[in-house]
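Participant: structure of the sequence below:
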Amino acid sequence: MRTLALPPVLASLLLSLVPVSGCAPASRVEPRQAGSPAARPAEPQASPSAAQPAAGLDPELTSYAYPYPVRYFEVESQRQKLRMAYMDVQPEKPNGRAVLLLHGKNFSAATWEPTIRALTERGFRVVAPDQIGFGKSTKPAAYQFSFHGLAETTRALLDSLGVQRAAVVGHSMGGMLAARFALMFADRTERLILVNPIGLEDWKTVVPYRSVDAWYKQELESTRDSIREYQRKSYYDGAWKPEYERLIEIQAGWTEHPEYPRVAWCSALTYDMVFTQPVVYELPRLRTPTLLVIGLRDRTALGRAWAPKEAADALGDYTTLGKKTAQAIPGAKLVELPGVGHLPQIEAFDKYRDALVGFLEQAP
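Facilitator: Purely as a prediction, here's the structure:
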């Protein structure tokens, strides 16, 4: 067969018409940030489209604004490429120290805004990531979530930013992750601050196991009203204020988007992680200076709804759990906040801030 040679101009034109399988749309391609090979700037805003925009918030929150610029750390994990969103906020007058903020399960890095402001005003550099499966980070369709794995990815993020040591602050599920991080990377953890962490008791010893499929079904049934009601009862002891609405906006917005099942599946997987991977037994192994900030009104307990009544009534008693945890962690300092629930950083910010900053600024 005779091969015909095409003129260069015609060949170039034909090649430009051939679609390339697997390539991302041009609007999604982002230049790498200078000096940080694994970091990318926040996604550009999508161009206006004649199509009707989807209701709610998409899984990666592309239309939801965070309080500070968001960048992305690219990581390969479990045979897939993932993106970890984070805020790296630099102070005007650096004191040479860094703080890592780890969000809870029903929260994101964005909810740390008042804490970030308070810390940067005092010279701390603040790194606040969205863990894989949360916030603006990738929602993988199949992923084996573990606190060890999340800690490894977070350590890799700090490496990419040149942060060798940091004080680690964890709230709720982030407290479980912060404790695991400190156990795995004691030399990288300057101080440890746990704000109403969950996992201070081993629920699986008294609560029947619930499968990932059951968690997924429950998450699919979530609505704005059910999310509000859960937080009202568990976090605020039945009280609700208008300013709490913004704290459920992301979760509620996800439930109203067509791709919500992707978020619900990640949520089910991480519920299983929280339920089956307690860190409470290893707290005595911590050797990092530790502060516990405990709102005594908190009653958060995973699985209370289907636990036997006698067990359910005893779960989530932070008045007792805070004291037991402080005794378990060598040298831990305990700050108790009466009348405050699961979010001291929201309900009693001044007291929380004073405890946090006072502990961070203590002489080594």
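Participant: just the CA trace of stretch 327-336, in PDB.
Facilitator: Extracted C-alpha coordinates of stretch 327-336, given in PDB (Å, rounded to 0.1, in the frame of the first residue of the first chain):
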ATOM      1  CA  GLN A 327      -4.800  11.400  83.500                       C
ATOM      2  CA  ALA A 328      -3.900   9.000  80.700                       C
ATOM      3  CA  ILE A 329      -1.600  11.400  78.800                       C
ATOM      4  CA  PRO A 330       1.600  12.100  80.700                       C
ATOM      5  CA  GLY A 331       1.900  15.700  81.900                       C
ATOM      6  CA  ALA A 332      -1.300  16.800  80.000                       C
ATOM      7  CA  LYS A 333      -2.900  20.100  81.000                       C
ATOM      8  CA  LEU A 334      -6.700  20.200  81.100                       C
ATOM      9  CA  VAL A 335      -8.900  23.300  80.500                       C
ATOM     10  CA  GLU A 336     -12.600  22.600  81.200                       C
END
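Participant: in that stretch, what's buried?
Facilitator: 328, 329, 332, 333, 334, 335 (16 or more other CB atoms under 10 Å). C-beta: built from backbone N, CA, C; applies to glycine.
Participant: now, which of those lie within helices?
Facilitator: residue 328 (DSSP state H).
Participant: need the buried residues of stretch 327-336 in JSON lines with pLDDT, can you?
Facilitator: Formatted as JSON lines, the buried residues of stretch 327-336 follow (pLDDT from 0 to 100):
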{"residue": "328", "pLDDT": "98"}
{"residue": "329", "pLDDT": "98"}
{"residue": "332", "pLDDT": "98"}
{"residue": "333", "pLDDT": "98"}
{"residue": "334", "pLDDT": "98"}
{"residue": "335", "pLDDT": "98"}
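Participant: and the closest residue in space to residue 177 that isn't next to it in sequence, how many neighbours?
Facilitator: Nearest residue to residue 177, sequence neighbours excluded (CB to CB, 6 or more residues apart in numbering): residue 102, at 5.1 Å. Look at residue 102: counted by other CB atoms under 10 Å, it has 31 neighbours.
Participant: who's in contact with residue 142?
Facilitator: residue 78 (CB atoms under 8 Å, 6 or more residues apart in numbering).
Participant: per-residue pLDDT of it, please?
Facilitator: In this prediction, residue 142 carries a pLDDT score of 92.
Participant: repeat for residue 69
Facilitator: Taking residue 69 on its own, its pLDDT is 98.
Participant: my read: it touches residue 85, true?
Facilitator: No - using CB atoms under 8 Å, residue 69 is not in contact with residue 85; the gap is 10.7 Å.
Participant: who's more crowded, those two?
Facilitator: A direct count of neighbours by other CB under 10 Å for residue 69 and residue 85 places residue 85 higher, at 27 against 10.
Participant: quick one on the thing from earlier: and which of the buried residues of stretch 327-336 is nearest to residue 97?
Facilitator: Of all those, residue 97 sits closest to residue 333, with 18.6 Å by CB to CB.
Participant: which secondary structure state is assigned to the residue lying closest to the closest one once chain neighbours are set aside?
Facilitator: Take residue 333 and drop its neighbours on the chain: the residue closest to it by CB to CB, 6+ apart is residue 291, 5.0 Å away. Recorded secondary structure, residue 291: strand (DSSP: H, G, I helix; E, B strand; the rest coil).
Participant: residue contacts, residue 291?
Facilitator: Counting by CB under 8 Å, 6+ apart, residue 291 has contacts 191, 192, 193, 194, 332, 333, 334, 335, 355, 356, 359.
Participant: tell me how far it lies from residue 191.
Facilitator: 7 Å (CB to CB, to the nearest Å).
Participant: what touches both of the two?
Facilitator: Contacts common to residue 291 and residue 191, judged by CB under 8 Å, 6+ apart, are residue 359.
Participant: next, give phi and psi for residue 84.
Facilitator: phi -110, psi 110 (degrees, to the nearest 10).
Participant: show me what it is bridged to.
Facilitator: Beta bridges link residue 84 to residue 73, judged by DSSP bridges.
Participant: in the stretch 51-200 of the chain, where is pLDDT below threshold?
Facilitator: 51-54 (pLDDT under 70).
Participant: tell me where it has helices.
Facilitator: 113-120, 147-161, 173-184 (DSSP state H, counting those that start in this stretch).
Participant: ok, which of those helices comes nearest residue 270?
Facilitator: Closest among these, using CB to CB: helix 173-184, at 7.7 Å.
Participant: got the buried residues for that closest one?
Facilitator: 173, 174, 175, 176, 177, 178, 179, 180, 181, 182, 183.
Participant: from the chain's centre, how far out does that helix sit?
Facilitator: 12 Å (CA atoms, centre = their mean, to the nearest Å).
Participant: neighbouring contacts of that helix?
Facilitator: 100-105, 107, 131, 147-148, 150-152, 154-155, 168-170, 188-189, 192-199, 270, 274, 277-279, 282-283, 285-286, 288, 290.
Participant: same thing but 6 Å
Facilitator: The set of residues external to helix 173-184 that reach it, using CB atoms under 6 Å, 6 or more residues apart in numbering, is 102-105, 147, 150-151, 168, 170, 189, 192, 194, 197-199, 274, 279, 282, 286, 288.
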